[in-house]
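**Student:** for reference, the sequence and a predicted model appear below.
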Protein chains: 2
Amino acid sequence: MSDFPNSEFDLAEVELSQQRLHGKVHRTEIITSTSLNQQFGCELFFKCEHLQKTGAFKYRGATNAVLQLDSSITGVATHSSGNHGAALAAAAADRGLAAHIVMPENSVQTKVDAVKAYGGVIHFCEPNQQSREQLLQQLIEQGLHKVHPYDDWRIIFGQSTATAELLEDVDGLDIVVVPVGGGGLTSGACLAVQASKQDIAVIAAEPAGANDSYLSLLQSKRITDIQPDTIADGLRAIIGARNFVIMNRYLDRIILVDDAEIRDALGLVWQYTKQLIEPSSATVVAAIAKHPEVFAGKRIGLILSGGNADIKRLLAGLIPQTLAGVKTQ
Amino acid sequence: MSDFPNSEFDLAEVELSQQRLHGKVHRTEIITSTSLNQQFGCELFFKCEHLQKTGAFKYRGATNAVLQLDSSITGVATHSSGNHGAALAAAAADRGLAAHIVMPENSVQTKVDAVKAYGGVIHFCEPNQQSREQLLQQLIEQGLHKVHPYDDWRIIFGQSTATAELLEDVDGLDIVVVPVGGGGLTSGACLAVQASKQDIAVIAAEPAGANDSYLSLLQSKRITDIQPDTIADGLRAIIGARNFVIMNRYLDRIILVDDAEIRDALGLVWQYTKQLIEPSSATVVAAIAKHPEVFAGKRIGLILSGGNADIKRLLAGLIPQTLAGVKTQ
């Protein structure tokens, strides 16, 4: 952790990253829902990162990292439950680099397919943090350049641009709510809010079944020995070292939401916005549904982090069983 | 059919309806997908009527009808598998009118809930055309004003505004593709294209399991004795008399797509646009996938007709069974 700043973080890097990514990532739109505003008694502004390239905010950090690589580097590697993997594969392919992605063997099929579609080489591992890190380390030792999914300054500042755009596009926000997995988006949100010099609270929504960030901030040290178990497959990662330091200093609160609450929130967002977000993204709405008193009357920016839900499972649910086995091609 | 024009349809009514609806319906956006364009070898422009008020284009026709009602009318009635019912209920509520909706008992739960949420009074019937019409007739005899879901000039011209906006917002279209159920959207599309005086083909996509329009145009007479059986629940209605006359004169082609093809297309749209359209809307993409030779190299406008998929079934598919029974509230 020699690259940690001693006192203050380099907040100017938020804007530098915005400049670096200008024209290379989508400036995603902000949507609102009168029905959801009425239901929760507050004003919600959804930043649509599920409409980002590769279907998730992860493309910001991956692109920010790849654009800063030394020209001697010919390939990158990472571990990812899917969205960072697809994003890194796509960002690497744009520069003609190889991308090797370590994925838990229980990853969502849609996400596995996406990594392949972007030209990434997949290495499956057991679904735990130790197995992820070990296999990634082996790839690094073979000469690939590591781009950690969240515990990397290039990634953190890349993700900060999502919140920076949100703050530019919506005036007078009181609170920003983001989902927290490894902490890339959340620590980026903290830095973007600090850089904006606005008085805006940052709240993270975390699955109760993957509450490593919650426990870490509670005990003021990184807790890494939990086994994540949640339907929010994008949030099963464990809080990173750099992410912890930032969140421990700047994050206002973490709200835990259980899988049933995430599922209910997912249904609400699908119904009222018609946006096909994935379960991880619904945590931010679940947090508001769980603690309406925190949010009542406020102007709230929320980041819809991704839209890579498991299409095959969605179809299987919607379409009658008699059709489930029909082959058409 | 005494209100049929003898020779030409009053195409000026397309623009008059646009003026009448200005500010009262959403001017929905047009979206594109590089991935889908590459996959099909043509340029697709999707008109997002799933983002229309009440989640479907039906709100256009319903509003167009309600805005022209005599002030002596205190209540309206219709039959609908859901989207027209919700649209009419919402449009009527805006004017302080009662709305009574005849719905097939196998309607999608999300659509039943929507009609209730907009204040509509639901009357369930057997899932066939005769039962729909009979129960509606009883309501009309009790003094309610009938607003047929598609066989009504106010509805047809209301729906025409979706295509009219599409033609205004995208230059140089070669083809417009719309889903066909009872024919409101399709006949409206035909009239909008005629009114535009542009040389644009109109193609309708129809479920093979509800091929009444296809058979009607083939035999040059309305075929009404089929029993619709398709996952595209919004397209189970039977072609209307006014709709038939327009489509028989102006529609270029109907492409039949079976349920498996609709399901595959639905998955593609979900995956690449992240827009939660319902099965009926996917027929237009299924038509392109089925006959790529018709569309290759062309600029194609498609109307995504609605986004009221069955949320509970979607959730049941995505979330593991162990969670399916969890009550949270």
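**Tutor:** That came through, no problem.
**Student:** A:Lys47 - that's part of a strand, no?
**Tutor:** Yes - applying DSSP: H, G, I helix; E, B strand; the rest coil, one finds A:Lys47 inside a strand.
**Student:** off-centre distance for stretch A:304-323?
**Tutor:** Here stretch A:304-323 is found 21 Å from its chain centre; the criterion is Cα atoms, centre = their mean, to the nearest Å.
**Student:** check stretch A:124-140 too.
**Tutor:** Using Cα atoms, centre = their mean, the offset of stretch A:124-140 from its chain centre is 20 Å.
**Student:** then stretch A:53-67?
**Tutor:** 10 Å.
**Student:** endpoints of that stretch, how far apart?
**Tutor:** 16 Å (Cα to Cα, to the nearest Å).
**Student:** across the sheet, point out what pairs with A:Glu206.
**Tutor:** A:Glu206 has these beta-bridge partners by DSSP bridges: A:Leu256.
**Student:** give me every residue that touches it.
**Tutor:** A:179-180, A:213-214, A:235, A:254-257, A:283 (Cβ atoms under 8 Å, 6 or more residues apart in numbering or on different chains). All C-beta spots, glycine's among them, are computed from the backbone N, C-alpha and C.
**Student:** who wins for neighbours among those residues?
**Tutor:** When neighbours are counted by other Cβ atoms under 10 Å in any protein chain shown, A:Val180 leads the contacts of A:Glu206 with 34 neighbours.
**Student:** roughly how far apart are that residue and A:Pro104?
**Tutor:** 18 Å (Cβ to Cβ, to the nearest Å).
**Student:** next one: A:Gln18
**Tutor:** 32 Å.
**Student:** now swap in A:Asp225 and tell me
**Tutor:** For A:Asp225, the distance to A:Pro104 - Cβ to Cβ - is 17 Å.
**Student:** using CSV, write down the CA coordinates of stretch A:129-149.
**Tutor:** Taking C-alpha atoms only, stretch A:129-149 is exported to CSV below (Å, rounded to 0.1, in the frame of the first residue of the first chain):
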residue,chain,number,x,y,z
GLN,A,129,-12.2,-14.5,-2.3
GLN,A,130,-9.1,-16.6,-1.6
SER,A,131,-9.6,-18.7,-4.8
ARG,A,132,-10.1,-15.5,-6.8
GLU,A,133,-7.0,-13.9,-5.6
GLN,A,134,-4.8,-17.0,-5.9
LEU,A,135,-5.7,-17.7,-9.5
LEU,A,136,-5.3,-14.0,-10.4
GLN,A,137,-1.8,-14.0,-8.8
GLN,A,138,-0.8,-17.0,-11.0
LEU,A,139,-1.8,-15.1,-14.1
ILE,A,140,0.2,-12.0,-13.0
GLU,A,141,3.2,-14.2,-12.4
GLN,A,142,2.9,-15.2,-16.0
GLY,A,143,3.5,-11.6,-17.1
LEU,A,144,0.0,-10.2,-17.3
HIS,A,145,-0.7,-6.7,-15.9
LYS,A,146,-3.1,-6.8,-12.9
VAL,A,147,-6.2,-4.5,-13.0
HIS,A,148,-7.9,-5.2,-9.7
PRO,A,149,-11.7,-4.7,-9.9
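**Student:** quick one: residues in contact with it.
**Tutor:** Contacts for stretch A:129-149 (Cβ under 8 Å, 6+ apart): A:58, A:61-62, A:65-66, A:69, A:73, A:75-80, A:84, A:88, A:98, A:100, A:102, A:104, A:123, A:125, A:154-155, A:182, A:184, A:224, A:237-238, A:240.
**Student:** name the nearest residue to the closest residue to chain B within the stretch 201-329 of chain A, ignoring sequence neighbours.
**Tutor:** Proximity of the stretch 201-329 of chain A to chain B (Cβ to the nearest Cβ) peaks at A:Gly317, 1.7 Å away. Nearest residue to A:Gly317 in three dimensions, chain neighbours excluded: B:Gly317, at 1.7 Å (Cβ to Cβ, 6 or more residues apart in numbering or on different chains).
**Student:** and the one you found, what is it in contact with?
**Tutor:** A:313-318.
**Student:** any of these buried? List them.
**Tutor:** A:313-318 (16 or more other Cβ atoms under 10 Å in any protein chain shown).
**Student:** how about the residues you listed in a markdown table, adding distance to A:Leu136 and secondary structure?
**Tutor:** Below are the buried ones among the contacts of B:Gly317 laid out as a markdown table (distance: Cβ to Cβ, whole Å; DSSP: H, G, I helix; E, B strand; the rest coil):
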| residue | distance to A:Leu136 | secondary structure |
| --- | --- | --- |
| A:Arg313 | 28 | helix |
| A:Leu314 | 30 | helix |
| A:Leu315 | 33 | helix |
| A:Ala316 | 32 | helix |
| A:Gly317 | 34 | helix |
| A:Leu318 | 37 | helix |
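**Student:** for A:Val257, which non-adjacent residue is spatially closest?
**Tutor:** A:Ala286 (3.9 Å).
**Student:** residues contacting A:Asn37?
**Tutor:** A:43-44.
**Student:** which SS state does it fall under?
**Tutor:** helix.
**Student:** separation between it and B:Glu29?
**Tutor:** A:Asn37 is 20 Å from B:Glu29, by Cβ to Cβ.
**Student:** next: A:Gly182.
**Tutor:** Taking Cβ to Cβ, one finds A:Gly182 at 34 Å from B:Glu29.
**Student:** tell me which residues in stretch A:35-51 are buried?
**Tutor:** A:36, A:39-40, A:42-51.
**Student:** next, A:Ile311: phi, psi?
**Tutor:** Per-residue torsions, A:Ile311: phi -60, psi -40 (degrees, to the nearest 10).
**Student:** contact residues of the stretch 201-329 of chain A facing chain B?
**Tutor:** A:231, A:258-261, A:263-264, A:266-267, A:270-271, A:274-277, A:279, A:307, A:309-320, A:323, A:326-329 (Cβ under 8 Å from any Cβ of the partner chain).
**Student:** which of those are buried?
**Tutor:** A:231, A:258-261, A:263-264, A:266-267, A:270-271, A:274-277, A:279, A:307, A:309-319, A:323.
**Student:** which stretches in the stretch 101-250 of chain A count as helices?
**Tutor:** A:109-117, A:129-141, A:153-169, A:184-196, A:212-219, A:241-250 (DSSP state H, counting those that start in this stretch).
**Student:** and the ones you listed, which one averages the lowest pLDDT?
**Tutor:** Per-stretch mean pLDDT for the helices of the stretch 101-250 of chain A is lowest at helix A:109-117 (a mean of 89).
**Student:** output that helix as PDB, restricted to C-alpha atoms.
**Tutor:** Taking Å, rounded to 0.1, in the frame of the first residue of the first chain, the C-alpha atoms of helix A:109-117 are listed here in PDB:
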ATOM      1  CA  GLN A 109     -24.400 -17.000 -17.400                       C
ATOM      2  CA  THR A 110     -25.200 -13.700 -19.100                       C
ATOM      3  CA  LYS A 111     -22.000 -12.200 -17.600                       C
ATOM      4  CA  VAL A 112     -19.900 -15.200 -18.600                       C
ATOM      5  CA  ASP A 113     -21.200 -14.800 -22.200                       C
ATOM      6  CA  ALA A 114     -20.500 -11.100 -22.100                       C
ATOM      7  CA  VAL A 115     -16.800 -11.600 -21.100                       C
ATOM      8  CA  LYS A 116     -16.500 -14.100 -24.000                       C
ATOM      9  CA  ALA A 117     -18.200 -11.800 -26.400                       C
END
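**Student:** ok, back up a step: helix or strand for the residue nearest to A:Val257, which one?
**Tutor:** According to DSSP states H and E, A:Ala286 maps onto helix A:279-290.
**Student:** quick one on the thing from earlier: now the residue nearest to A:Gly317: how far from A:Ala309?
**Tutor:** Counting by Cβ to Cβ, the gap from B:Gly317 to A:Ala309 is 10 Å.
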